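Student: Sequence and predicted structure, then a few things I'm wondering about:
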Amino acid sequence: MHTLKVDNITVEVENKKILDQFSLTINSGEIHVIMGPNGTGKSTLSKVIMGDNSYKLQSGNIYFDDQNINELTTDARARLGIFLGMQMPLEIEGVTNADFMRAALHAKEGDNFKLYNFIKKMNQNIELLKMDKEMLHRSINKGFSGGERKKNEILQMYMLEPKVIILDEIDSGLDVDSLKIVGDKVMNFYNQQKPSILLITHYQRLLDYIKPDYVHIMMNGKIIKSGDASLVQIIEHNGYDFFKNNSENIIKES
Amino acid sequence: MNKIIIGNEGIIKQTIDENIKIIYKIDDFSLINSLEINFINNADLDIIYQIDNNIKLKVINNFSNNVSINIFEKYTDGTIKINNIYNINSNANINIQKFYDVQLINQADIININGEKSKVNYILKSISKNKDNYNLIVNHNACYTESNIINHAINIKDGEIIFNVDGIIPKRIIGCSLNQNNRIVTFNDKKCQINPNLLIDTNDVIANHSAFVGRFNDNDLFYLQSRGIEYNEAIKLLVTGFLISNLNITEANKNEIIQIINKYWR
């Protein structure tokens, strides 16, 4: 049983509050979804949890189980088992996917790392995600379509087997078939390993495949409404403006 | 594989087939070591410079018509002043790849594309530790020729790098393509310069250039670290990628470069 606890964090960028006393707790086996309009702090939240140096915590704490991870570097957080599937996975010329993943697995497993096991696992997961094996020898995401990049993120998730998974708009840039593969594979991984999952998305369509336990609506750096999956339907019908117009009442209510 | 090993005293060792002819001499007056390499037929050649002290070198490479040639030049250790001249005839396909890990380098390379429909790919990779000058002039002297230039260097310790890269296409030389990609990744606060010059006196040309001086991108580092890779290991991955990418060389040569990288980035 693992828990990621984001406790009352505030993050400012250029004197503007991006996250405002934000709190959220996610346990193993729970799928949480954060939805909200653009520029409301969703991606910032994911990067702050992952320890991106571009963002500084003004106040609050982040815990993995009982360990305060505020001061941990990004790589240390990742080795604890936190994984961030990026909204826009970067292209890094010269560093091959194989070298990248081998270094990541080596960092995770240390002396227990076995090259043969790595190759076998990599091949199995590439097949599972219906990816081209040739991609292993290409630079990270170089020449990849939007869909291939997102699949590559899911491949990395399968390789690293994290305990807490944050997927930031993993559905953006995906065609219908790729969305199904990505959605199914995330759910497949969830069923096998029961990690904590935090999905950040704008659209209901990903939730056809990944069934959330909790849905949160985020605006102006904080959660203004939480509920079950039925909340998604209200968003679909009414849009975020409905919540924006009623945000003060909703905050009081929640 | 054809291979020449050159030291301070001249050619130390050579394994050359009939497709390549070599003349080596030392000019007693100027004390410049001079090497002439004539490529008659298709060939691959490794030229390994193992220099202990100072050396001045002039290397003239002559490529016959219709040849396809791959040259890999590796320079290690000493202080080198080198003038490479590449004379390319018609319909030739020439790949020049070079890697520097020397104390000090002053390079003046000249590529003369003298025959029509010839193509040259020139890739330079370097770890610079001193005031290094890399000068390259590409003369498109014939129509329908193509040059693709990549200069990638990293400066460490007291490394200061200057890239002067000139691409020249005179009047009446049409249908040429000229591409330059120059990048310097800095690990110190020394001044580095890239001076890309495209001197084009014709309308019918495709020309591109890009230049970058700076550190590795923080977002790249974040991405690598977000998969559990420690900072130093992430830097080493980026350095290796930067210095190995684009090179189409043997695994043995690649491994030797990786060993050199491991020497500086443990």
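Tutor: Received it, and whenever you're ready, just let me know what you need. Just so you know, these numbers come straight off a predicted model, no measurement behind them.
Student: Tell me who's in contact with the residue of chain A found nearest chain B.
Tutor: Across chain A, the shortest distance to chain B (C-beta to the nearest C-beta) belongs to residue A:94, at 2.6 Å. Yep, even glycine has a C-beta here, placed from its N, CA and C like the rest. Residues near residue A:94 by C-beta atoms under 8 Å, 6 or more residues apart in numbering or on different chains: A:139, B:238, B:240-246.
Student: now swap in residue A:29 and tell me
Tutor: With contacts defined as C-beta under 8 Å, 6+ apart, residue A:29 is in contact with A:194-196.
Student: ranges for the strands of the stretch 1-150 of chain B?
Tutor: B:2-7, B:10-15, B:20-26, B:33-39, B:43-63, B:68-88, B:93-113, B:119-128, B:131-140, B:146-155 (DSSP state E, counting those that start in this stretch).
Student: cool, and the stretch 101-250 of chain A?
Tutor: Along the stretch 101-250 of chain A, counting by DSSP E, counting those that start in this stretch, strands occupy A:139-140, A:164-168, A:196-201, A:214-219, A:222-227.
Student: The ones you listed into JSON lines, with extra columns for mean pLDDT and distance to residue A:3?
Tutor: Compiled in JSON lines, those are given as follows (pLDDT from 0 to 100; distance: least, C-beta to C-beta, whole Å):
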{"stretch": "strand A:139-140", "mean pLDDT": "96", "distance to residue A:3": "31"}
{"stretch": "strand A:164-168", "mean pLDDT": "97", "distance to residue A:3": "9"}
{"stretch": "strand A:196-201", "mean pLDDT": "96", "distance to residue A:3": "7"}
{"stretch": "strand A:214-219", "mean pLDDT": "95", "distance to residue A:3": "14"}
{"stretch": "strand A:222-227", "mean pLDDT": "93", "distance to residue A:3": "17"}
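Student: quick one: the closest residue to residue B:161 other than its chain neighbours and residue B:182, what's the gap?
Tutor: Leaving out its chain neighbours, the residue that sits closest to residue B:161 by C-beta to C-beta, 6 or more residues apart in numbering or on different chains is residue B:192, at 4.5 Å. Separation of residue B:192 from residue B:182 (C-beta to C-beta, to the nearest Å): 10 Å.
Student: So for these two, which residue has more residues nearby?
Tutor: residue B:182 (24 against 19; other C-beta atoms under 10 Å in any protein chain shown).
Student: for that one, what are its contacts?
Tutor: Neighbours of residue B:182 in contact, by C-beta under 8 Å, 6+ apart: B:149-152, B:163, B:165, B:194, B:196, B:209-212.
Student: One more pass at 7 Å, please.
Tutor: B:151, B:163, B:165, B:194, B:196, B:211 (C-beta atoms under 7 Å, 6 or more residues apart in numbering or on different chains).
Student: Count residues in the vicinity of the fourth one, would you?
Tutor: Burial measure for residue B:194: 21 neighbouring residues, criterion other C-beta under 10 Å.
Student: just checking, next helix/strand downstream of whichever strand or helix holds it?
Tutor: Using DSSP states H and E, residue B:194 sits in strand B:193-200. Next helix or strand after strand B:193-200 toward the C-terminus (DSSP H and E): strand B:205-214.
Student: quick one: contacts of that following strand?
Tutor: Against strand B:205-214 from outside (C-beta under 7 Å, 6+ apart): B:169, B:176-184, B:186, B:192, B:194, B:196, B:198, B:200.
Student: Specify which member of the residues you listed is nearest to residue A:101.
Tutor: Ranked by distance to residue A:101 (C-beta to C-beta), the contacts of strand B:205-214 are led by residue B:183 at 25.2 Å.
Student: Cross-check the contact I'm expecting between the closest one and residue B:152.
Tutor: Yes: the pair residue B:183 and residue B:152 qualifies as a contact (C-beta atoms under 7 Å) at a distance of 5.0 Å.
Student: Which one's more surrounded, the two?
Tutor: Comparing residue B:183 with residue B:152 by other C-beta under 10 Å, the one with more neighbours is residue B:152, at 22 against 18.
Student: With adjacent residues omitted, what lies nearest to residue B:128?
Tutor: Residue B:128 sits nearest to residue B:159 (C-beta to C-beta, 6+ apart), 3.8 Å away.
Student: what about the one you found, distance to residue B:263?
Tutor: Distance of residue B:159 to residue B:263, computed by C-beta to C-beta: 15 Å.
Student: the more surrounded of the two?
Tutor: Using other C-beta under 10 Å as the criterion, residue B:159 and residue B:263 rank with residue B:159 on top: 21 against 10.
Student: List, one by one, the residues from chain A near chain B.
Tutor: With C-beta under 7 Å from any C-beta of the partner chain as the criterion, chain A meets chain B at residues A:50, A:52, A:73-75, A:78-79, A:84, A:90, A:92-95, A:99-100, A:103-104, A:107-108, A:139, A:156, A:160.
Student: Those, buried ones only, as a ChimeraX selection?
Tutor: Burial among the residues of chain A next to chain B is assessed by 16 or more other C-beta atoms under 10 Å in any protein chain shown; the matching ChimeraX selection reads:
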select /A:50,52,74,75,78,79,84,92,94,95,99,100,103,104,107,108,139,156,160
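Student: Poorly predicted segments of the stretch 101-250 of chain B, please.
Tutor: Within the stretch 101-250 of chain B, no stretch falls below the threshold (pLDDT under 70).
Student: how about whichever residue of it sits closest to chain A, secondary structure?
Tutor: With C-beta to the nearest C-beta, the shortest gap between the stretch 101-250 of chain B and chain A falls at residue B:241, namely 2.6 Å. Following DSSP: H, G, I helix; E, B strand; the rest coil, residue B:241 is assigned to helix.
Student: residues in the stretch 151-266 of chain B within reach of chain A, list them.
Tutor: Counting by C-beta under 7 Å from any C-beta, the stretch 151-266 of chain B sits next to chain A at B:219-220, B:222-231, B:233, B:237-238, B:241-242, B:244-245.
Student: buried subset of the residues you listed?
Tutor: Using 16+ other C-beta under 10 Å, the buried members of these are B:220, B:222-230, B:233, B:237-238, B:241-242, B:244-245.
Student: re earlier: doesn't the residue of chain A closest to chain B belong to a helix?
Tutor: No: counting by three-state DSSP, residue A:94 is not part of a helix but strand.
Student: tell me the contacts of the residue lying closest to it once chain neighbours are set aside?
Tutor: Nearest residue to residue A:94 in three dimensions, chain neighbours excluded: residue B:241, at 2.6 Å (C-beta to C-beta, 6+ apart). Going by C-beta under 7 Å, 6+ apart, residue B:241 touches A:92-95.
Student: Report the beta-bridge partners for the residue sitting nearest the centre point of chain B.
Tutor: Nearest to the geometric centre of chain B sits residue B:124, at 2.9 Å (C-alpha atoms, centre = their mean). Residue B:124 forms beta bridges with residue B:98, residue B:151, as assigned by DSSP bridges.
Student: Tell me if I'm right that residue B:114 and residue B:142 touch.
Tutor: Yes: assessed by C-beta under 7 Å, residue B:114 is found in contact with residue B:142 at 5.8 Å.
Student: For residue 146, grab the count of nearby residues.
Tutor: Answering for chain A, as no chain was given. Counted with other C-beta under 10 Å, residue A:146 comes out at 14.
Student: ah, no, chain B please
Tutor: Look at residue B:146: counted by other C-beta under 10 Å, it has 18 neighbours.
Student: show me the contacts for it.
Tutor: Going by C-beta under 7 Å, 6+ apart, residue B:146 touches B:119, B:176-177.
Student: For residue B:111, see how far away it is.
Tutor: To residue B:111, residue B:146 is 11 Å away according to C-beta to C-beta.
Student: Residue B:36 now?
Tutor: On the measure of C-beta to C-beta, residue B:36 and residue B:111 end up 16 Å apart.
Student: who's more crowded, these two?
Tutor: Applying other C-beta under 10 Å to residue B:36 and residue B:111 shows that residue B:111 carries more neighbours, namely 23 against 15.
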